[in-house]
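Chemist: Have a look; sequence and predicted model below, questions after that.
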Amino acid sequence: MKYSLPKKIIYSIIVAVLLVGLVLTAFFGLNGKGYGSTYDIDLGLDLAGGVSITYQIKEDNFTSQDVEDTIYKLQKRVEGKSTESQVYKEGDNRITVEIPGVTDANEILKELGTPGSLEFLDSTGYTAFSQGNDYTPLLTGSDVKAAQAYTDTNSQEDTPYGVQLTFTDEGSTKFYDATSANIGKRIYIVYDGEVVSAPNVKTAISGGTATITGMESFDEADNLATYIRVGSIPLTLEEVSSNIVGAQLGHAAIKTSLIAAAIGLALLCLFMIVMFRIPGLVATLSLIIYTALVLFLVSVYDLTLTLPGIAGIILGIGMAVDGNVIIYTRIREEIGAGKSVENAILSGYNKATSSIVDGNVTTLIAALVLYIFGTGPVKGFATTLAVGNIVSIFTSLVITKVIMKLLYNFGIRDAKWYGKNVYRKTLDVLSIKKWAAIGSAVVIAAGIITMAVQAGLGNRALNFSLEFVGGSTTIFTFDKEYTAEEIEDNIIPVIRDAAGITEVQQQKVADSTQVSFKTSDLSLDQREAIENAVTAKYPIKDGTIVETDTISSSVSATVKRDAILSVILATICMLIYIFVRFRDIRFALAAVLALLHDVLVVLAFYAFARIPVGTTFIACMLTIVGYSINGTIIIFDRIREQLKTANSKTNITELVNSSITSTMSRTVYTSITTLIMLIVLFIMGVTSVKEFTLPLIVGIVVGAYSSVCLTSAMWYVMGGKKRGVVEENNKKAASKKEVFEDGSQV
C-alpha cells in the first residue's frame, strides 16, 4: 500500500481524469453528439407528456404472428405522430401504445381505435383515390388469407425476393377477374391511405395464389408481406386503459426533481463531511461518481426515465451513502480498537463487505419483483433502483477504497482525520421489547379500525386510485382557482350532464388551479364530451391540455393480484436469502416478521392520511421492505460476528444489546442521509411525487425503529437466548458497562 511519489502522482492523475471524464460524459456524451449524456435520456410519458393506451385482444384464438402483425400495424400508424413512439406486448393478450410529446391526444385515440384498411386498386381506382374521389376497390384485406416473404434460390434474376399471396375462395375469384382485366397494367396495393406496392400484372392468375416479385431485398419483401397481413388481421382490440398527460406537468416535475436532487445531494455531502471528515469527503466524491454513472447507464442502455424513476435515482443516492457509512463506522471502530489507520482502512472494508452486499441484494430482490409485476412507471422505478444498487456496490467497495488509499499515501494518516472515537453505554434495548410490541400493536390496530370505520361510512377502506378499482380521471388546469363549493355546485353538474353519469368525485391540488374528477369507466366519446362541455364554460390555463386516465375493471383486478403476489414473492425471496446467508431460520423469521410489521404500520399511515393507493404504492412498500431488511441485516451480521467468539458463559442478553448499540450510529446516520433526500424531494416535488415520498419517509423511520427495537428481540425470544447462559445477576452489571462501537467493552 506504500507507493513512491511518482506513482502517487500517476495514480492521482488517473483517478482525477477518470472522475472528470465520467462527469463530463454524463453531461455531454461519449461522441460529442449526446450519446451517453443526460440529454440523450428517453423520458417517459409522465415527463414528456403524451398519450398511452392499452388494448386487450377480444378473440380467444389468435396466433403469435397475429399479435406481432398487429403490433407492427399499430407501430406504423403512430410513427407519423412521434419518432419516439413505442408499441409493445403486455402480458398474453394486451398491447400498449405510447406516443410521447403529442397534443391532439383524443384524435390519436380515435384513429387508433379504428382498424387499418388494405385495398387493391386498378389504375382507374387509383386515380380516383389520389384525387380524393369515390372509388371501388378490386379486393380488400378480408379477401387475403396469407402473405409470406420468400427467397427463390433457383431464380436467375438479380432480385430473387418476393411475396407469396394466398386468397380466400371469394378472394381467388375477385383476383382472377382483376388480373384478367388488367394484364400489362399495375395493380396498386394501398394500406391506410398509402401505396405500399404497385406490381405489374403479367397474366391472369387463378388457383388462389399469386406472387409479387422484383423485391430488392428480403427485408423489403417481408415488410410488404407484413403490410398485406396486417390489413387482413381479424383481431378486435378493446381499450382497457388510456392515459393523457400534459407536457407542462412533466417539465415542472423534471425541474423540481432536479433542483431537489441538487439540494439534497449538497446537504448530504455536507452532513458526511461534518460527521466523517476525510472519509466524508471521499463519500462526497463517490456520490458524484455514483450519480454520473447511473445517468450514464440510463442513457447508454436507452432506459426510459419516468417520474418514479427520478425518485428511484434520488432515493438511490441516499441509500448509496449507506455503504459508505457502514465502511466508515467500521474504520472508526478499528482505529478505536488500537489499529493503525492503514490497517483500520483495510479491516474496515473487509468487515463491511458482507453487510453491504447482503443489504444491496435484498433491495435488488425487491427491484426485480417490481420489474416483473409492475407496469409503466413502476418498472421505471424498479430499473433505476436496481441500476443504482449495482452502481452503489461498485462505488462503495471499489471507488472509495481507491480514493482512500491515495489520500493515505499522500500523507493524510492522522487518526483524527478519520473520525472521533465515540464511546457509548450499552443500551438495554431488550428490556423495552414488550413496550415496543405493544406500541406497534396499537398503531396497527388503529389503522385497521380506521379502515373499518371508512368502510362503514360507505367509503373505501383505503383511498384506492384507478389502478386498483378502475374508472376514469379527468384533470383540468383552469385559468383561475375555484373553491370546492364552486366546483361541486357549478362544474360537477356540467360533467354529469355531458357524460350522462351521476357519481363524480373531485380532488383539488393544493396551491394550484388543477382539479381532478373521478368517475366510472368512461368511453372516448364521453371523455371528449366532458372536455368540450367544461372548457366551453370554464377555460383552462394556456399551454395546458385536459389530462385523462382510464382503467377498466379487468386491469385493476390484475393490478391488485400483482400487488399481492409481488409482496409475497419478495418476502419469500428475502426469507430464503437471509436463511442461506445466516444459516439460522430464526434470523430469517424475525426479519420477515419485522417486514410484515413495517408494511402494516405504513398501511395504517395510508389509512390515516388517505393517501392514494396506486401502482406506486407497490413500489413504496417494496422499497421500505428492502430498506428495512438492510438495517436488520447489519445488526444480525454483528450478532453473528460476536456469536463466533461466544461460549457457554456468554451473556446473550448483553451480546444482543451490545450488537444493537455498536451499530446504532450506522442506523441513525443512514436513516438521516436517506431522509435528507426524501424530505427535500417531498418539499419541492409535484403532487404525485409528494404522494410517493411521504409514505417512504414514514417507512424509513418505521424501518429503523423495527430494526433496532423488534428484530433482535424477536430472534432472542425465538430461542436465540438459548445459545448461552443468561445469568440474572449479570443484568445490572451489563447495563452499566460501556461499549466501544466495535462491541468491545471498557
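Modeler: Looks like it arrived, so ask away.

Chemist: what sits against Phe517?
Modeler: Going by C-beta atoms under 8 Å, 6 or more residues apart in numbering, Phe517 touches 473-476, 492, 495, 504-507, 530. (Each C-beta comes from the backbone N, C-alpha and C, glycine too.)

Chemist: All the helices of the stretch 301-450 of the chain, residue numbers only.
Modeler: Using DSSP state H, counting those that start in this stretch, the helices of the stretch 301-450 of the chain run over residues 307-336, 341-373, 377-394, 400-409, 433-456.

Chemist: Buried deepest among these, which one?
Modeler: Stretch with highest mean neighbour count among the helices of the stretch 301-450 of the chain: helix 307-336 (a mean of 26; mean count of other C-beta atoms under 10 Å).

Chemist: That one packs against which elements?
Modeler: helix 45-48, helix 247-276, helix 278-300, helix 341-373, helix 377-394, helix 615-643, helix 664-684, helix 687-706 (3 or more C-beta pairs under 8 Å, 6 or more residues apart in numbering; DSSP states H and E).

Chemist: Looking at the helices of the stretch 301-450 of the chain, which is nearest to Gly626?
Modeler: Proximity to Gly626 (C-beta to C-beta) singles out helix 341-373 among the helices of the stretch 301-450 of the chain, at 3.7 Å.

Chemist: What ranges does the stretch 1-150 of the chain have for its helices?
Modeler: Going by DSSP H, counting those that start in this stretch, the stretch 1-150 of the chain shows helices at 5-28, 45-48, 64-78, 105-112, 123-130.

Chemist: Report the buried residues of the last one.
Modeler: Buried residues in helix 123-130, defined by neighbour count with 16 or more other C-beta atoms under 10 Å: 125-126, 129.

Chemist: picking that back up, mind giving me CSV with the helices of the stretch 301-450 of the chain and columns for mean pLDDT?
Modeler: Output for the helices of the stretch 301-450 of the chain, formatted as CSV (pLDDT from 0 to 100):
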stretch, mean pLDDT
helix 307-336, 80
helix 341-373, 84
helix 377-394, 83
helix 400-409, 85
helix 433-456, 94
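
Chemist: closest one to Ala536 among these?
Modeler: helix 307-336 (31.2 Å).

Chemist: what angle sits between the closest one and helix 341-373?
Modeler: Put simply, helix 307-336 runs at 160 degrees to helix 341-373, going by axes from the mean of the first three to the mean of the last three C-alpha atoms, to 10 degrees.

Chemist: Could you figure out how far helix 307-336 is turned away from helix 687-706?
Modeler: 30 degrees.

Chemist: Give me the local confidence score for Ile491.
Modeler: Looking at Ile491, its pLDDT stands at 91.

Chemist: repeat for Glu68
Modeler: 84.

Chemist: do Gly743 as well
Modeler: Looking at Gly743, its pLDDT reads 43.

Chemist: Could you do Gly101 as well?
Modeler: pLDDT, Gly101: 69.

Chemist: Domains in the chain, by residue range?
Modeler: 5-41+246-358+375-418, 45-116+238-245, 118-230, 427-448+555-740, 471-551 (automatic domain parsing).

Chemist: Now find how far off-centre the fourth one is within its chain.
Modeler: Just to be clear, that refers to domain 427-448+555-740. Mean-position distance between domain 427-448+555-740 and its chain equals 23 Å (C-alpha atoms, centre = their mean, to the nearest Å).
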